[in-house]
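> curious how this folds, go ahead:
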Amino acid sequence: MHAIRVASAALLTATALALTSPPASAARAGEENVTSFGFRVTPAAIAAGGRVTLSVEGCEHNAKVTSGIFDDVTIPKGQASATAKVFWDAKPGAMYEVTFACGQESGTTDLTIVGGGSSNNPTHQPSPRHTRGVKAGVGGSSDGFDAQQLAVGGALVAGVIGTAYVWTRRRTGRHGS
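As a prediction, this is how the structure comes out:
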């Protein structure tokens, strides 16, 4: 009987912990690209070899735009946009990260490659400057702890442990005498 009680308490604890994990990672997902300047890539999906417009708003410095899918671009202070040509060897279906840097701040957005790749230009060799890879994503990682989420998770765990303890004591009291 003791093993069943311990297993029940462990299962309740594991369930409480599992239920508190998804909100912790989801809450951080939208916070990565908060900058004091605006930026975008137009269009957000393009075929290999196409041209994209890189735009910034509110940047009081030269903006540097980098990606593994086109040569680095500098947007001079006071200018709102520039263009870049996507490498011919871009992999169709791949998503590449584009980073905009303005002064000490930076933000990222994605550029998706659609359609055919290097078959559009069979004489083109892969670019030697193509040194950054495809965006692989960050999964469920987060960049820190949220005190509110930790408190809620701790309260749930404490509640489950307290409930298991009370149930155990009541059953012991009934069967022990």
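> make it CA atoms for all contacts and neighbour counts henceforth
OK.
> buried residues, the top helix by length along the chain. List them.
Counting residues, the longest helix found in the chain (DSSP state H) is helix 147-176. Of the residues in helix 147-176, 153, 156-157, 160-161, 164 count as buried by neighbour count, 16 or more other CA atoms under 10 Å.
> list the contacts for residue 54?
39-42, 65, 81-84 (CA atoms under 8 Å, 6 or more residues apart in numbering).
> so residue 74 touches residue 63, yeah?
Yes: assessed by CA atoms under 8 Å, residue 74 is found in contact with residue 63 at 5.6 Å.
> measure residue 149 to residue 90 for me?
Here residue 149 is placed at a distance of 40 Å from residue 90 (CA to CA, to the nearest Å).
> need the longest strand for this structure.
As assigned by DSSP state E, the longest strand anywhere in the chain is strand 105-114.
> just the buried positions in it, please.
Buried-residue list, strand 105-114, by 16+ other CA under 10 Å: 106-108, 110-114.
> and the helices in this structure?
2-29, 147-176.
> could you list the low-pLDDT ranges of the chain?
1-33, 116-146, 172-177 (pLDDT under 70).
> go again with 80.
Across the chain, the ranges flagged by pLDDT under 80 are 1-33, 116-150, 170-177.
> residue 90: what's its closest spatial neighbour, skipping adjacent residues?
Once flanking residues are discounted, residue 90 sits nearest to residue 48: 5.4 Å by CA to CA, 6 or more residues apart in numbering.
> unless I'm mixing things up, the one you found is touching residue 113, no?
Yes: using CA under 8 Å, residue 48 is in contact with residue 113, at 6.4 Å.
> who touches both of these two?
Shared contacts of residue 48 and residue 113, defined by CA under 8 Å, 6+ apart, comprise 90-92.
> what number of residues lie near residue 103?
By the measure other CA atoms under 10 Å, the count of residues near residue 103 is 12.
> need the contact list for the closest residue to it other than its chain neighbours.
In space, and not counting its chain neighbours, residue 103 is closest to residue 61: 5.9 Å by CA to CA, 6+ apart. Going by CA under 8 Å, 6+ apart, residue 61 touches 76-77, 102-103.
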